[in-house]
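J.: Below are the sequence and a predicted model for it; my questions follow.
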Amino acid sequence: MNCLIVEDNPATREFILDVIKDNFSEISCFSAGDLGEAENLFVKIHPELLVMDVNLPDGKSVDFLSKLCNQISAVHFKVIFITAFSDYAIDAIRLSAMDFLLKPISPVELIGAVNKSIDSLKKDVRYTELETFFYNLGQNQSAMGEKKIVLKTAENAHVLSIKQIYYASADNNYTAFILDYGEPLIVSQPLKYYDEKLGFLGFLRVHQSYLVNMDHVSLYDKRKESVLLTNGSQIPVSQSKKSTIMKFLNKQYL
């Protein structure tokens, strides 16, 4: 497997190179300091894994990837983004189930991201992730838009509109998503993971075991300590979350 590292800081570039070489003997690493160099290398080595800084001296890696996807007939690579700060692209990355690392990069997090990338390459979900990423990035750049998320079950990678999700519930180290159609989707990530992923999109952790899409809340029953959703589901509210719900409702609605 070939890996292309695109990072303008020489020390960070060497650090990533060393961590991957020391922990993944099956990966051959190549590096570039800017997008022009990266484009030349990409044509020569056809990497299966790209580790890219979001912002580079000669442009954004997002634009580079968009150009690549327009030029080739099929996506044969996985992307890990790296950045020194959270910017406009991070929300789109989160929802697409792609990986990103904040600088300074932890060796443990880098190794974990590479392992996840290898798994994704085996499951052939690269195009789904990139397509969702570009969709959400476009929605971020417009004032309004319908966001999408990739949910990976044991069998498939499901691309869903956020509004299709009523709520998510904890099932040990798994999360069950209740949708506006079909059976629940069971995903092998804990609820905390999706709390962090979906919190900025109007989802609220109303209970240790429940994450609710507040757009689907039709009633907050303070006496029964529960919220009623538009699909008829009644979700318990923990004592510690009562004030959080009221703050959310007071902020969102007149």
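T.: Arrived safely, thanks for sending. Numbering: from 1, shown residues only.

J.: Assign the most far-flung residue of the chain relative to its centre to helix, strand or coil.
T.: Most distant residue from the mean C-alpha position of the chain: residue 223, 36.8 Å away (Cα atoms, centre = their mean). The local conformation at residue 223, judged by DSSP: H, G, I helix; E, B strand; the rest coil, is coil.

J.: And it, how close does it get to residue 81?
T.: Residue 223 sits 47 Å away from residue 81, taking Cβ to Cβ, to the nearest Å as the criterion. Using the backbone N, CA and C atoms, a C-beta is placed for each residue, glycine as well.

J.: how about the strands in the stretch 101-250 of the chain?
T.: 148-152, 157-161, 165-171, 174-179, 185-187, 203-207, 210-213, 217-221, 226-229, 234-236 (DSSP state E, counting those that start in this stretch).

J.: how about the last one: buried residues?
T.: Of the residues in strand 234-236, those with enough neighbours to count as buried (16 or more other Cβ atoms under 10 Å) are residue 235.

J.: from the chain's centre, how far out does that strand sit?
T.: Computed by Cα atoms, centre = their mean, to the nearest Å, the chain-centroid distance of strand 234-236 equals 27 Å.

J.: Report the rounded mean pLDDT for it.
T.: Mean per-residue pLDDT for strand 234-236: 95.

J.: For that strand, name the packing helices and strands.
T.: Here strand 234-236 is seen to pack against strand 203-207, strand 210-213, strand 226-229 when contacts are counted using 3 or more Cβ pairs under 8 Å, 6 or more residues apart in numbering; DSSP states H and E.

J.: what's the last one in contact with?
T.: Yep, that's strand 226-229 we're talking about. Contact with strand 226-229 is made by 166-167, 206, 212, 216-221, 234-237, 245, as judged by Cβ atoms under 8 Å, 6 or more residues apart in numbering.

J.: Pairing partners for that strand, with directions?
T.: strand 217-221 (antiparallel), strand 234-236 (antiparallel) (DSSP bridges).

J.: One more: the first one?
T.: Under the criterion DSSP bridges, strand 203-207 sits next to strand 210-213 (antiparallel) in its sheet.

J.: what comes into contact with the partner strand?
T.: Contacts for strand 210-213 (Cβ under 8 Å, 6+ apart): 162-163, 165-170, 191, 194-195, 198, 202-206, 227, 229, 235-236.

J.: is it true that residue 189 touches residue 177?
T.: No - with contact defined as Cβ atoms under 8 Å, residue 189 does not reach residue 177; the gap is 10.6 Å.
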